[in-house]
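Novice: return atomic coordinates for the entry below.
(2 chains)
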Amino acid sequence: MDIQFKGEHLLPGQLGQLFIILAFGSALFSAISYYFATVNKNQLDNSWKKMARYGYFINTLSVVGIGACLFYIIYTNLFEYHYAWAHSSRTLPVYYIISSYWDGQEGSFWLWGFWQAVLGNILIWKAKSWESPVMAVVALSQAFITSMLIGVEMFGTRIGSSPFILLRNAVEGPIFSRPDYLTYIKDGNGLNPLLQNYWMIIHPPTLFLGFASMVVPFAYAIAGLWQRRYKDWIKPAISYSLFAVMVLGTGIIMGSFWAYESLNFGGFWAWDPVENASFIPWLTLIGGVHVLIVYKNTGHSYFTAAFLVIISFILVLYASFLTRSGILGNTSVHAFTDLGMSGQLLVFMFAFIAISVWLLVTRWKEMPITKKDEETYSREFWMFVGAVFLALSCLQLVIVTSIPVWNAIFGTKTAPPTEPVKLYNIVQSSFAVVITLLMGFAQFLKYKRSDATTFLIRSMVYLVFAALISGIIIWASGLYHTHLVYMLVIFGSVYAVLANTKYLADIFKGKTKLVGSAVAHIGFALLLVGAVISSGTSRVITINDSGVGFGTEFEKVGNSRENLRLDFNTPTKIGPYTATYVGDSLNGPNHYFKVNYKRIDDKTGKVTENFNLLPNAQANPKMGLVSSPDTRHYVFKDMYSYVSIAFPMKFQDDQTAENEGHGEANEDKAYAKPVIHEMNIGDTIRYRAGLIILKALNKDAKVRDIPLAKNDVSVGAQLEVQSNGKVFTTEPIFMIKGGNKFDFSKKVDSADLKVRFSNILPEKGKLEITTYVKPEGEKPYIVMKAIEFPSINFFWSGTIIMVIGFLLSIFRRNKELKTA
Amino acid sequence: MKKSSILGIVIIAIAICIIISTYADTSTYGSFNEAKNTHSELHVVGHLNKDKQLIYDAKKDANYFSFFMKDNKGEECKIVFTGTKPQDFERSEQIVLTGQMVGNEFHASKILMKCPSKYTQDKVEVTEANATKQASI
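Specialist: Residues are numbered from 1 along each chain as shown, chains lettered A, B, ... in the order given. Below is the predicted model of the structure:
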């Protein structure tokens, strides 16, 4: 059946699809050509290399072309394409189009391919004699990644998933049998509101640059084995590895900052499988960098260096298999769903495993493995031990995160640990203790051989200092309430900071030049201090201890009651603050809840601090309530709060409806039955939310736009309303105009009240005031959770210092490369 | 003995410890029936019984949420969760609970639910969306 569909723009998609095929073909061609360029014995014959380069250049252009087509489709809202329909909408601001690239799997593969293309060009430019073998590996990886975008059926299975697939081909529905179906598809699904955050513009590109750059040290390691050039791949590999760990580390922390700032995880790290998946290769490559340096300086540990560098890239592939194949299923909140590519991802991974194993086995005998034992009092030995411990901590992460994979392999039905966060925290902290201590005392050692006595004396002195300082920190932060291992991490980290600061001081005295490593170590140790203190002593301050609940059945539950209801305009004690939910505002899809915090001095009653936080929620009709926290930052702590339930919740679509339908009758429904009171001046009415006092009468009350004739009467009742400790004045008006009675009611929203001056009763000498009170249940409220995170700034600043350290190291290693 | 061999033994020992401790810390997927016969926490997979009442009233208690769930063996149990009602809970297709039995109630410490979300491009939702669009013609 062939239907002529109306209004479709097929050109950009066809062009994009052409670019995809071209990108895949050229990458494969380039890989094969580089292979022949490498094995070609004739040194003067450059033809293979030239062809390979052209192939790679075409690949780069095609990848850019794919991106451009996709951008055009999203930018011009061509919802006949599934990708645009699924990940964008007409209202999406242009800068979030970039974010919609990584909302879907196809877009994120494109991003990976893009960075790999860029890195490949840098290698073509810089790698010199290494170009052919290294690029053969990179181009092969590029071929695999671009194959993920193909989306064509071959041999009965679909290869890849194309971002240019049409909506009518991707989704089934009776609507698609209509030639004019496009006229009914008015808008796309829109970008996941959680991704509509400025961090999401910058975090995924950084993370994927990190992932992509892992291929470079891997390619060097493979090329070194392949070409039997066991020595000189080390130096460039160190530089590229440092770059990869720096970028990947930055990307990971950016992700955690995003989670902290805009998700209601309740923290910056949740050991979610997806987070672990990015952290695992980082750990092994950090180990790899250290062993590479050991090998460079001493000639020891060749195999470990190569192995760690290789396994890091394999783990990147494994991580993308975990997060993209849908295998994590029940265990992760934010893994991608299965696009039917798990087979392809596995082929990708096993192809590179096979190459690595083959080379490691065939070159085993030739590898420069030293027979001599390392000195105990040498830096390289302990760096090696540290790297091994990093790998072991990584092993624990891999084993636990992969539980669904073990289930799939062995047919078991094991569930993940019930308290994964606690388990990871304790196990990973134990490794962190060892690693930080090694980070410390390795600084007192020299390469090859150091004097044992001076080493022992120095490191002991610093240990004593570290014990003192960490003792103070543990006492001051209240960390002594927690598990012993957290205190040991603080001890180790302080030791690492001290030892590396001492090392840094020596550098300024001119003894050595390795500034970068010391700075990076200090940064990492500070990061750990921040992470441990803030997660170890974070405190939910919205503990509900009001005792109101469902009775005794509830008290058996061990869980603490961490959510607190804040009624509109009702001050509630939250930790040291008095919090009041004072208002709402709407901005685009965001509903902001204005919560005022006051810190009141108990003795003097003075307000010492007064601020507002605006946690927001998106009442997304498609996704329900998506809440984002708002945080008060202090130097030594953060106060973080988010709203999980709100009543009433305003949807963006409701806004207009509300403004239009404002009938008086409609409005009275919001109040309980009116109550008529007969009053004199000075009388008081008690109502649910407070008191109303009739203060005085205003004989010539004026209502705007209503001129009064001679016999007309207009009287205002000056009322004082006291509610929730606040005093309001209001003046409803009673009017006789042309012999008819009118009255003008007044609302005091904050007191849940509407009052009418409904009559004057001359025979009784009284006034009639009618009150409309909002029933209690109708009062708006929010349910909120607030958490204090102490010392979290150490975490962020530690990260920045660490990145600076990496940068310094890269500069220094590059200098070495040039002088070498 | 060479230092590297000692180190190797230490590494292997730690690796074995990791594997054993992982095995010891893992939980199991079970049914409500199994949950009644054990004191340890376990995971129960099932789906929400949409015919019975969900109780969440922030006015009374912002930290009490209860509902009825049928596990994969068809057994039904009342669930109590100390916290707020997760958004879109009514729409969930599958629920994974972590927790244990207290009397006749299952007290969940964690709820993981699968929704036919717009953002995972589930077919169920997509066809629904199309149906409403056609209705508005």
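
Novice: quick one, what contacts the most centrally placed residue in chain B?
Specialist: By Cα atoms, centre = their mean, the mean C-alpha position of chain B lies nearest to B:Val96, the distance being 2.1 Å. Counting by Cβ atoms under 8 Å, 6 or more residues apart in numbering or on different chains, B:Val96 touches A:330, B:43-45, B:111-113. Placement of C-beta: from N, CA and C, glycine included.

Novice: give me the distance between A:Gly690 and A:Arg565.
Specialist: For A:Gly690, the distance to A:Arg565 equals 20 Å [Cβ to Cβ, to the nearest Å].

Novice: who has more neighbours, the two?
Specialist: More crowded of A:Gly690 and A:Arg565, by other Cβ atoms under 10 Å in any protein chain shown: A:Arg565, with 25 against 20.

Novice: name the nearest residue to the more buried one, ignoring sequence neighbours.
Specialist: Closest residue to A:Arg565 in three dimensions, ignoring its sequence neighbours and counting by Cβ to Cβ, 6 or more residues apart in numbering or on different chains: B:Ala62, at 4.3 Å.

Novice: pLDDT check: weakest of the contacts of B:Val96?
Specialist: Within the contacts of B:Val96, the minimum per-residue pLDDT falls on A:Asn330 (63).

Novice: up against chain B, what does the stretch 351-500 of chain A have?
Specialist: When proximity is defined by Cβ under 8 Å from any Cβ of the partner chain, the stretch 351-500 of chain A lies next to chain B at A:373-374, A:376, A:381, A:385, A:388, A:392, A:395-396, A:399-400, A:403, A:413-418, A:423, A:427.

Novice: give me the buried subset of those.
Specialist: Buried subset of those (neighbour count, 16 or more other Cβ atoms under 10 Å in any protein chain shown): A:374, A:381, A:385, A:388, A:392, A:395-396, A:399-400, A:403, A:414-418, A:423, A:427.

Novice: which of those fall in helices?
Specialist: Per DSSP state H, helices hold the following members of those: A:381, A:385, A:388, A:392, A:395-396, A:399-400, A:403, A:423, A:427.

Novice: count of residues packed around whichever residue of the stretch 51-200 of chain A sits closest to chain B?
Specialist: Taking Cβ to the nearest Cβ, chain B has its nearest neighbour within the stretch 51-200 of chain A at A:Gly173, 4.2 Å off. Counted with other Cβ under 10 Å, residues neighbouring A:Gly173 total 19.

Novice: let's have the ones in helices among the buried ones among the residues of the stretch 351-500 of chain A next to chain B in JSON lines, adding pLDDT.
Specialist: Formatted as JSON lines, these follow (pLDDT from 0 to 100):
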{"residue": "A:Phe381", "pLDDT": "88"}
{"residue": "A:Val385", "pLDDT": "91"}
{"residue": "A:Val388", "pLDDT": "91"}
{"residue": "A:Leu392", "pLDDT": "92"}
{"residue": "A:Leu395", "pLDDT": "93"}
{"residue": "A:Gln396", "pLDDT": "92"}
{"residue": "A:Ile399", "pLDDT": "91"}
{"residue": "A:Val400", "pLDDT": "90"}
{"residue": "A:Ile403", "pLDDT": "88"}
{"residue": "A:Leu423", "pLDDT": "86"}
{"residue": "A:Val427", "pLDDT": "90"}
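
Novice: farthest-apart pair in the residues you listed, please.
Specialist: Taking Cβ to Cβ, the two most distant members of these are A:Phe381 and A:Ile403; they sit 34.8 Å apart.

Novice: what about A:Met254, distance to A:Gly210?
Specialist: A:Met254 sits at a distance of 10 Å from A:Gly210 (criterion: Cβ to Cβ).

Novice: looking at these two, which is more packed in?
Specialist: The neighbour count for A:Met254 versus A:Gly210, taken as other Cβ under 10 Å, is higher for A:Gly210 (25 against 19).

Novice: doesn't A:Leu242 make contact with the more buried one?
Specialist: No. Between A:Gly210 and A:Leu242 there is no contact, the gap being 11.9 Å when judged by Cβ atoms under 8 Å.

Novice: just list what the one helix or strand A:Leu697 maps to packs against, helices and strands only.
Specialist: Assigned by DSSP states H and E, A:Leu697 belongs to strand A:690-698. Strand A:690-698 makes packing contacts with strand A:684-687, strand A:713-723, strand A:766-773 when contacts are defined by 3 or more Cβ pairs under 8 Å, 6 or more residues apart in numbering or on different chains; DSSP states H and E.

Novice: do you know which of those strands lies nearest A:Asp705?
Specialist: A:Asp705 lies closest to strand A:713-723 among the helices and strands packed on strand A:690-698, at 12.7 Å (Cβ to Cβ).

Novice: mind listing what's buried along the closest one?
Specialist: Of the residues in strand A:713-723, A:714-719, A:721, A:723 count as buried by neighbour count, 16+ other Cβ under 10 Å.

Novice: what sits up against it?
Specialist: With contact meaning Cβ under 8 Å, 6+ apart, strand A:713-723 is reached by A:689-703, A:708, A:727-737, A:748, A:750-753, A:755, A:757, A:760, A:767, A:769.

Novice: would you mind checking those residues for buried ones?
Specialist: Applying 16+ other Cβ under 10 Å to the contacts of strand A:713-723, the neighbour count classes A:689-690, A:692-694, A:697, A:701, A:728, A:730-737, A:748, A:750-753, A:755, A:757, A:760, A:767, A:769 as buried.

Novice: what about the contacts of B:Val96, which are in helices?
Specialist: Judged by DSSP H, the contacts of B:Val96 include no members of helices.

Novice: check those for burial and list the buried ones.
Specialist: Among the contacts of B:Val96, the ones that count as buried by 16+ other Cβ under 10 Å are B:43-45, B:111-113.

Novice: now intersect those with the strands, please.
Specialist: Residues of these located in strands (DSSP state E): B:43-45, B:111-113.

Novice: closest to chain A out of these?
Specialist: Using Cβ to the nearest Cβ, those come closest to chain A at B:His43, 4.1 Å.

Novice: quick check: closest non-adjacent residue to the closest one.
Specialist: Distances taken as Cβ to Cβ, 6+ apart place A:Ala415 nearest to B:His43, at 4.1 Å, with adjacent residues excluded.

Novice: the one you found is in contact with B:Val44, isn't it?
Specialist: No. Counting by Cβ under 8 Å, A:Ala415 does not reach B:Val44; the two are 9.6 Å apart.

Novice: who touches both of these two?
Specialist: Listed as contacting both A:Ala415 and B:Val44 by Cβ under 8 Å, 6+ apart are B:Tyr29.

Novice: quick one: distance of the helix or strand hosting A:Ser517 to the chain centre.
Specialist: Using DSSP H and E, A:Ser517 maps to helix A:515-536. For helix A:515-536, the separation from the chain centroid amounts to 20 Å (computed by Cα atoms, centre = their mean, to the nearest Å).

Novice: by contact count, what packs against the longest helix anywhere in chain B?
Specialist: Using DSSP H, we find that the single longest helix of chain B is helix B:3-25. On a contact count with 3+ Cβ pairs under 8 Å, 6+ apart, helix B:3-25 meets helix A:379-401, helix A:420-441.
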